[in-house]
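> Generate coordinates for the sequence data below:
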Amino acid sequence: MHVLWENQIGAVAVVQRETKRLIGCVRNSDLHLLLDNNDLFNNRRSLTAEEFIHMDGEWISPVTNRKTDTLMQAMKNLAATKCSFCFLVDELQQVQGVITLRDMIVQFAPPSMDSTINGGGFFDSALEQTGCHIENGTMVCDH
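Prediction:
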């Protein structure tokens, strides 16, 4: 909880101490379990991260990509899993980093774009493909 709060991040990797292998993750949304369950909340100082992620027998493997995967492979993986982030791992399943949807979107957004201008490049193209356009600063759908 402290790491999530201090760093203002949405998830933190849980790794096996000896091997440094990824064994799970704790997300901000998982913390609602602590608020909803008095026993968990009262034991939060002694409950380990591993015990928390394996609680109730429902363990969901974290979304991963190899650090050698392409951006397209990572995008497809996130889309398929409907997750907003994935951990980048090496061949030993050790966490090397994390990539978020925001990281991916930023790769396609023009830098320092003035939103009062018709969107520019990437956004004009994306709007056209969806049958929309910008008119007097407002998005208008053609369908």
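
> Pull the distance from the one helix or strand D39 maps to to the chain's centre.
Element membership for D39 (DSSP states H and E) is helix 38-42. Centroid separation between helix 38-42 and its chain, computed with CA atoms, centre = their mean, to the nearest Å, is 27 Å.

> Same check on stretch 16-28?
With CA atoms, centre = their mean, you get 16 Å for stretch 16-28.

> average pLDDT across that stretch?
Mean pLDDT, computed over stretch 16-28, is 91.

> try stretch 67-80
89.

> Give me the contacts around it.
Residues outside stretch 67-80 that contact it (CB atoms under 8 Å, 6 or more residues apart in numbering): 63, 65, 84-86, 88-90, 96-97, 99, 101, 104, 107. Every C-beta, even on glycine, is put in place using the N, C-alpha and C of the backbone.

> for stretch 22-31, same thing?
With CB under 8 Å, 6+ apart as the criterion, stretch 22-31 contacts 1, 4, 10-16, 49-50, 52-54, 59-62, 64, 87, 89, 93-95.

> end-to-end on that stretch?
One end of stretch 22-31 to the other measures 19 Å (CA to CA, to the nearest Å).

> Buried residues, it. List them.
For stretch 22-31, burial by neighbour count (16 or more other CB atoms under 10 Å) applies to L22, I23, G24, C25, V26, R27, D30, L31.

> Show me which of these is closest to H133.
R27 (37.2 Å; CB to CB).

> Distance of that closest one relative to F85?
9 Å (CB to CB, to the nearest Å).

> same check, this time on V14
14 Å.

> what does R45 give?
27 Å.

> Between those two, tell me which one has more neighbours.
Taking other CB atoms under 10 Å, R45 and F85 do not tie; F85 has more neighbours (18 against 5).
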